[in-house]
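# Sequence first, predicted model second:
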Amino acid sequence: MKKFEELKFNIGTLKGISAKNIEEHLKLYAGYVKHSNLILEKIDELSKDAEKNAYALGEVQRRFGFEYNGMRNHEIYFNSLSGGAQPQVDGSELKKAIIAEWGSFDLWLNRFKAIALTRGIGWAMLYYDRKEGRLLSTWVDEQHLGQLQDCTLILGIDMWEHAFVYDYPTSEKKKYVEVFFENLNWKIIEENFKKAK
């Protein structure tokens, strides 16, 4: 069976996000990759007698979405912090699409930051809806409840406490949201958008 592989990221020194926080967060990502592989092996094993193992198979199958989306969401997240901060370029295709959808880049950014501050654990996501040819911003509970069907993730900010707790108490997660945007490599996010189209 083909296995998912843990990706390596070129994350240098970040403003306001410590190396310790990134190091611990990357360990969590590695766990999602490992468990995605383990669950697929378990599904294969339980499927040999699917009727007898129906309950266990159902529970393990449910768990796969959590682990798999945790893996993929973190790949987008860490990749967007790789290669050093790069500013959003005026006239880029993504910026034009954001302005077309929300009226201005700043209006979208303020709205997206507000989504990120939703109470609870989860992700603020910027998706490209291929069917409609438009961008959508939304909240995803945990990392698998509320993912948008047939949409491609362009940008995601992890709002679980593990993403910022070494640097900010939970009462200061707004500071984490601000520094996250100061560290983004918009060149990579632009590439995500181009690939999604």
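That came in fine, so what should we check first?
# Could you use CA atoms for every contact and neighbour count after this?
OK.
# Spell out which helix or strand contains the residue most central in space within the chain, please.
Geometric centre of the chain, nearest residue: Asn73, 3.0 Å, by CA atoms, centre = their mean. Per DSSP states H and E: Asn73 is located in helix 54-80.
# quick one on the thing from earlier: so what's the residue nearest to the residue nearest to the centre of the chain when sequence neighbours are not counted up against?
Closest residue in space to Asn73, ignoring its immediate chain neighbours: Gly156 at 6.9 Å, by CA to CA, 6 or more residues apart in numbering. By CA atoms under 8 Å, 6 or more residues apart in numbering, the contact list for Gly156 reads Asn73, Ile76, Tyr77, Trp123, Ala124, Met125, Leu126.
# Apply 10 Å and report the result again.
Contacts here follow CA atoms under 10 Å, 6 or more residues apart in numbering; on that basis Gly156 touches 73-78, 80, 116, 123-127, 137-140, 189.
# quick one on the thing from earlier: gap between the residue nearest to the centre of the chain and Phe164?
Applying CA to CA, to the nearest Å, the value for Asn73 to Phe164 is 16 Å.
# Please report the distance of the residue nearest to Gly65 when sequence neighbours are not counted from Asn21.
Nearest non-adjacent residue to Gly65, counting by CA to CA, 6+ apart: His144, 6.3 Å away. His144 sits 23 Å away from Asn21, going by CA to CA.
# quick one, which of those two is more surrounded?
His144 (19 against 15; other CA atoms under 10 Å).
# which residues in the chain form helices?
Ranges of helices within the chain are 19-47, 54-80, 93-102, 105-116, 173-182, 186-196, based on DSSP state H.
# Bridge partners for the residue nearest to Asn73, pull those for me.
Under DSSP bridges, the beta-bridge partners of Gly156 are Met125.
# mind starting the numbering at 19 from now?
Fine by me, first position is 19 from now on; the one you just mentioned is Gly174.
# where's it relative to Glu59, distance?
Distance check for Gly174 against Glu59: by CA to CA, it reads 28 Å.
# got it, and Ala37?
33 Å.
# go on, Lys192?
Taking CA to CA, one finds Lys192 at 40 Å from Glu59.
# Just to check, the residue nearest to Gly83 is in contact with Met143?
No - contact criterion CA atoms under 10 Å: His162 and Met143 do not qualify, at 11.7 Å.
# Mind listing the shared neighbours of the two?
Asn91.
# Let me see the domain layout of this protein.
For the chain, automatic domain parsing gives the domain ranges 37-98, 111-214.
# What mean pLDDT does the first one get?
Looking back up the chat, that one is domain 37-98. The pLDDT scores in domain 37-98 average 96.
# With the last one instead?
Per-residue pLDDT over domain 111-214 has a mean of 97.
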